[in-house]
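Student: my questions concern the predicted model and sequence given below.
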Amino acid sequence: MASLQPPLIKIVGGKAPTWRENGSVSDSGEDEIDWAEMDSDLCYWTRALRPVQWYPGHIAKTEKELKEQLKLMDVVIEVRDARILLSTTHPQMDLWLGNRKRILVLNREDMISTADRNAWAMYFSRQGTKVVFSNGQLGMGTMKLGRLTKSLAEGVNVKRRAKGLLPRPVRAGIVGYPNVGKSSLINRLLKRRMCTAAPRPGVTRELKWVRFGKDLELLDSPGILPMRISDQAAAIKLAICDDIGERSYDVADVAAILV
């Protein structure tokens, strides 16, 4: 996960913390969290739990339709949850997109620290990936996203004019896991409620094209997940952040791990 306040206890290898007599944690000399170690702990805690799997019927249908629509896209906008951005990308996304231009939107930027935001911005910059940080609820980052989408696809109509064809709107597909904020992002871009949005996964069930001005068309798509989530530590993070259906896990178990 992206960023948490320094923990009150030190947890190592999924074992009990080392307490001082007064109830506080033993001195470790560490001011920062070791995220690799925390992920190791998370794997340890999930071993005894029922596997978290969620693949409602509409996702299979959507995945097939989405792969067909992606062939028509000039730009693909992949939205992730900034708190768990490595856990909210489909393992086959790179294969589906191929060489298509991509913009990575890290939504819920208000829920991560400035330090983590800067670190991720540098990480993706080194990879040459275009990144926009956003807050879909307040609309932050949406105008930058609109401008970047149009600029990346400006060559589309240059080629069309060279062939004697009329210009057309840039086509951008918005994809991502359930409940990462895709529909809210579109609504903020359009400045009106065109797509159904709610703070729970599985609300959007069908692909829907919407027009943004004269120059941009956006495809809102339901959240897509792999049929089987092999990384159960990632699955628990999805549950903690409400990016997967509640029927797929025991709420008490997930709450205990979060605590």
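Tutor: Cool, got the structure. Numbering: from 1, shown residues only.

Student: all contacts plus neighbour counts: C-alpha atoms, from now on.
Tutor: Will do.

Student: list the buried ones in stretch 129-148?
Tutor: Residues of stretch 129-148 classed as buried: 130-136, 139-142, 145-146, 148 (neighbour count, 16 or more other Cα atoms under 10 Å).

Student: repeat for stretch 226-244
Tutor: Using 16+ other Cα under 10 Å as the test for burial, stretch 226-244 gives 226, 229, 232-240, 242-244.

Student: how about the residues you listed in JSON lines, adding pLDDT, secondary structure and distance to Thr114?
Tutor: Below are those laid out as JSON lines (pLDDT from 0 to 100; DSSP: H, G, I helix; E, B strand; the rest coil; distance: Cα to Cα, whole Å):
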{"residue": "Pro226", "pLDDT": "87", "secondary structure": "coil", "distance to Thr114": "31"}
{"residue": "Ile229", "pLDDT": "86", "secondary structure": "coil", "distance to Thr114": "30"}
{"residue": "Gln232", "pLDDT": "88", "secondary structure": "helix", "distance to Thr114": "28"}
{"residue": "Ala233", "pLDDT": "88", "secondary structure": "helix", "distance to Thr114": "25"}
{"residue": "Ala234", "pLDDT": "89", "secondary structure": "helix", "distance to Thr114": "23"}
{"residue": "Ala235", "pLDDT": "90", "secondary structure": "helix", "distance to Thr114": "25"}
{"residue": "Ile236", "pLDDT": "91", "secondary structure": "helix", "distance to Thr114": "24"}
{"residue": "Lys237", "pLDDT": "91", "secondary structure": "helix", "distance to Thr114": "21"}
{"residue": "Leu238", "pLDDT": "92", "secondary structure": "helix", "distance to Thr114": "22"}
{"residue": "Ala239", "pLDDT": "91", "secondary structure": "helix", "distance to Thr114": "24"}
{"residue": "Ile240", "pLDDT": "90", "secondary structure": "helix", "distance to Thr114": "21"}
{"residue": "Asp242", "pLDDT": "89", "secondary structure": "coil", "distance to Thr114": "23"}
{"residue": "Asp243", "pLDDT": "87", "secondary structure": "coil", "distance to Thr114": "23"}
{"residue": "Ile244", "pLDDT": "86", "secondary structure": "coil", "distance to Thr114": "26"}
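
Student: distance check, the residue nearest to Ala233 when sequence neighbours are not counted against Arg161.
Tutor: In space, and not counting its chain neighbours, Ala233 is closest to Cys43: 5.3 Å by Cα to Cα, 6 or more residues apart in numbering. Computed as Cα to Cα, to the nearest Å, the Cys43 to Arg161 distance reads 55 Å.

Student: and the furthest pair within the buried residues of stretch 226-244?
Tutor: Taking Cα to Cα, the two most distant members of the buried residues of stretch 226-244 are Pro226 and Ile240; they sit 18.1 Å apart.

Student: quick one: residues contacting the spatially most central residue of the chain.
Tutor: Note on the chain: the residue nearest the mean C-alpha position is Arg80, at 1.4 Å, using Cα atoms, centre = their mean. By Cα atoms under 8 Å, 6 or more residues apart in numbering, Arg80 lies in contact with 88-89, 104-107, 176-177, 180.

Student: distance of Val170 from Val131?
Tutor: Taking Cα to Cα, one finds Val170 at 19 Å from Val131.

Student: now Leu166
Tutor: Separation of Leu166 from Val131 (Cα to Cα) stands at 31 Å.

Student: with His90 instead?
Tutor: Applying Cα to Cα, the value for His90 to Val131 is 17 Å.

Student: show the model's pLDDT score for Leu95.
Tutor: Leu95 carries a pLDDT value of 89.

Student: count the residues that sit near it.
Tutor: Close neighbours of Leu95, defined as other Cα atoms under 10 Å, add up to 9.

Student: kindly report the same for the one 10 residues further on.
Tutor: Each residue near Val105 was counted by other Cα under 10 Å, and the total is 29.

Student: tell me the mean pLDDT over the helix or strand where it lies?
Tutor: Taking DSSP states H and E as the criterion, Val105 maps to strand 101-107. Strand 101-107 shows a mean pLDDT of 93.

Student: right, I'll leave it there.
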